[in-house]
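K.L.:
coords please:
(one chain, ligands or ions: 1)
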Amino acid sequence: MTTRTAVVTGASSGIGAATARALAADGWRVVLGARRIDRLEALAGELGGLALHLDVTDPQSVAAFASRVERCDLLVNNAGGALGTASVADADDAEWLRMFEMNVMGTLRVTRALLPAIVASGDGIVVTIGSIAAREPYRGGAGYNAAKHAVAAMTRVLRIELGGQPVRVSQIDPGMVETEFSVVRFGGDEQRAAALYERMDPLTAEDIAETVRWIASLPSHVNIDSMLVMPRDQTSAQVVHRHE
Ligand code: NAP
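P.N.:
Below you'll find the model as predicted:
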């Protein structure tokens, strides 16, 4: 039997790297994409997978990446993130455009490029990592909320468009996960990022990786359309219980 292949974008850190590990442990061959190729190569070496440079904001990079993917049974659209916490009144166009490029256009480009291979697999799965920000607007979230809401809309449309084809489409919406996400969001301010997770137990990248692994392990007729996963200490986008 040929080994099923999972393509994971944004596999150089956090949820993507953990997902690659979880899938490889479950018997998947993994193809890893991100910009930090040194990290990808180290992980691919460990997992026996393939590391390929990928910048989802660059159409040529996506095309080159897709041309190297010979088989795709599972696509994990994970590359993405937030930039800043500016209000609508103070919104910075460049920051918003980067968030849309990274999350919305990136997910579109990679999905569109790999869709023929996913359909051809005869039993394909597309799992997109959305966010609680795709469901719940919050103060300081405007640009990221808008981008992740767009990702959610596109994911639902894709599910409708693929009706009758042998492809499942899922979106996982995590709440607070301690990764490099907040360091990136706060422009490298590690102290500000660490303060977010003080006196609460956030999710780990491995927690979300396990949901991807589980979804992909289900029988072909079962489609988990969407899943909201939060830490016990978080009850909505901005309500977090801090321990004494
Ligand atoms: P992370 O540790 O910062 O990982 C983000 C990944 O995306 C990195 O591997 C990064 O790789 C990749 N990436 C960023 N821009 C890219 C680009 N232009 N082209 C290709 N890859 C790119 O954060 P994370 O928490 O694991 O985030 C993964 C996903 O989960 C994101 O979509 C994020 O929005 C979502 N999410 C995170 C949380 C959270 O609390 N952490 C909550 C909800 C949703 P390179 O920099 O090497 O390219």
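K.L.:
distance of Asp207 from the ligand?
P.N.:
According to C-beta to the nearest ligand atom, to the nearest Å, Asp207 stands 11 Å off from the ligand. C-beta here means a position set from N, CA and C on the backbone, and glycine is covered the same way.
K.L.:
do Glu210 as well
P.N.:
Applying C-beta to the nearest ligand atom to Glu210 and the ligand gives a distance of 14 Å.
K.L.:
would you confirm that that residue contacts Ala22?
P.N.:
Yes - Glu210 is within contact range of Ala22, at 6.1 Å (criterion: C-beta atoms under 8 Å).
K.L.:
which one of those two has more residues nearby?
P.N.:
More crowded of Glu210 and Ala22, by other C-beta atoms under 10 Å: Ala22, with 23 against 15.
K.L.:
quick one, longest strand in the chain?
P.N.:
Using DSSP state E to define each element, the chain has its longest strand at strand 167-174.
K.L.:
tell me the strands beside it, with direction?
P.N.:
strand 124-129 (parallel), strand 226-229 (parallel) (DSSP bridges).
K.L.:
could you identify the helix or strand that succeeds that strand?
P.N.:
Next helix or strand after strand 167-174 toward the C-terminus (DSSP states H and E): helix 181-185.
K.L.:
neighbouring contacts of that next one?
P.N.:
With C-beta atoms under 8 Å, 6 or more residues apart in numbering as the test, helix 181-185 has contacts from 14, 81-85, 144, 189-190, 192-193, 196-197.
K.L.:
same question for stretch 189-204.
P.N.:
18, 174-178, 182-183, 185-186, 229-234, 240-244.
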